[in-house]
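[1] For reference, the sequence and a predicted model appear below.
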Amino acid sequence: MKVAVVHEWLVSQAGSEKVVEQILALYPEADVFSLVDFLPDELRGFIRHKPVATSFIQNLPLAKRHFRQYLPLMPLAVEQFDLADYDLVISSNHAVAKGVLTRPDQLHISYVHTPIRYAWDLQQQYLRQSNLHRGLKGAIAQAMLHYLRLWDVTSANRVDRYAANSHYVAGRIWKTYRRRAEVIYPPVAVDRFNVNTQRQEFYLTVGRFAPYKRVDLTIEAFNQLGLPLVVIGDGPEWPQIQSLARSNIKLLGAQPDAVVGDYMQRCKAFIFPAEEDFGITPVEAQAAGAAVIAYGKGGATETILPGETGLFFSKQTVESLAAAVQKFESEGCRFNPMRSRQNAEQFSVGHFRSAFKTFVEQAWINFQGCNLA
């Protein structure tokens, strides 16, 4: 098979790019398509230093820093990719990648990290955060998102088979597109962590300082508890987080993977207050032997075993999180670091490759059978 891999944008190596990395490991001869490619040279290894076919957005003014501002043009841009030479098209989708145009004799598989959230369930939050919830600019933004929803639903029918990164996302795919999706958990590099059974007395949270990550909630809960907390990350809410933190809270800013891993291997427990589609950091923390105290919604409910590898709190409030931490303080000795590691291993790179390869092969066999019928 001649394979094309389509990704929205290549500017960093985050969770969705780790999926692309493993897809390219399975299909090393595949060609790569992306709306824009601004990867620095030192990060190009995960796409095997391949040339990338980009869209016209690549050459628009200020695209390198502000390509997201061209969201209204992205449906048009992704439809311009010429994929005529390929037997199999794999789209890595969290916005518009699934909207590529293919022929009936081409198999299109889409691995969905999430349906485009700022056009659907997070629209109001997105508009408020962008100060686009009122006035003329707000009306234009709402009209644009309305158009994007119409295109998103229409383009959903261009996909032959869907894979989702969690049951939570599979449910959102059904809600949004009325299409079934196979759940294939994303690859987590669990082997880069060692298990330390001797835990220290500080708690840890890691993440980007963005509103939905709810780092502020963790800070306020630990201000109330007075327990030691280490916070790793940065982002647009840094000034607010810095102003909230009291003396028991240590802000380290962004740190390299080795430092993050070291803290995960030593922390008393890992705090995860966000509602994520999957959530890689709770799995990484478990791979390092840490118990996880997480908000009990989203992908975390599929990766944490309550009472065995962590605890859930039911509401995104200071009181609910603080109560969960206090419960862990009294019951923490029940949690076995080796059990956390054992649970994390089911989300390994090897498991992803095996599951995705089997999914694609079965889809190809079924697709060929349908075309022959």
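    Arrived safely, thanks for sending. Numbering: from 1, shown residues only.
[2] Check whether Leu83 really touches Gly99, as I assumed.
    No. Look at Leu83 against Gly99 with CB atoms under 8 Å: they stay out of range, at 11.8 Å. Any C-beta I mention is one placed from the backbone N, CA and C, and that applies to glycine too.
[3] how about the nearest residue to Ala285 once chain neighbours are set aside, phi and psi?
    Once flanking residues are discounted, Ala285 sits nearest to Phe270: 3.7 Å by CB to CB, 6 or more residues apart in numbering. With angles defined as degrees, to the nearest 10, Phe270 sits at phi -110, psi 130.
[4] Next one, pLDDT for Phe270 please.
    Per-residue pLDDT puts Phe270 at 98.
[5] Mind jotting down where the helices sit in the protein?
    15-26, 63-66, 74-78, 123-129, 135-156, 167-177, 215-225, 238-244, 257-266, 280-287, 300-303, 318-331, 337-344, 349-372 (DSSP state H).
[6] one step back: tell me if I'm right that the residue nearest to Ala285 and Ala291 touch.
    Yes. Judged on CB under 8 Å, Phe270 makes contact with Ala291 at a distance of 7.2 Å.
[7] shared neighbours, those two?
    Taking CB atoms under 8 Å, 6 or more residues apart in numbering as the contact rule, Phe270 and Ala291 both touch Gly310.
[8] Pull the number of nearby residues for Thr303.
    Using other CB atoms under 10 Å, Thr303 has 26 neighbouring residues.
[9] That one and Glu276: what is the separation?
    According to CB to CB, to the nearest Å, Thr303 and Glu276 sit 10 Å apart.
[10] nearest residue to Ser155 other than its sequence neighbours?
    Excluding the flanking residues, the one nearest Ser155 by CB to CB, 6+ apart is Gly99, at 3.7 Å.
[11] per-residue confidence for that neighbour?
    Gly99 is assigned 97 on the pLDDT scale.
[12] likewise the one 3 residues further on?
    Note for Thr102: predicted pLDDT of 97.
[13] So what does it look like in phi/psi?
    Dihedral pair for Thr102: phi -130, psi 160, per degrees, to the nearest 10.
[14] Burial check on Gly235, number of neighbours?
    14.
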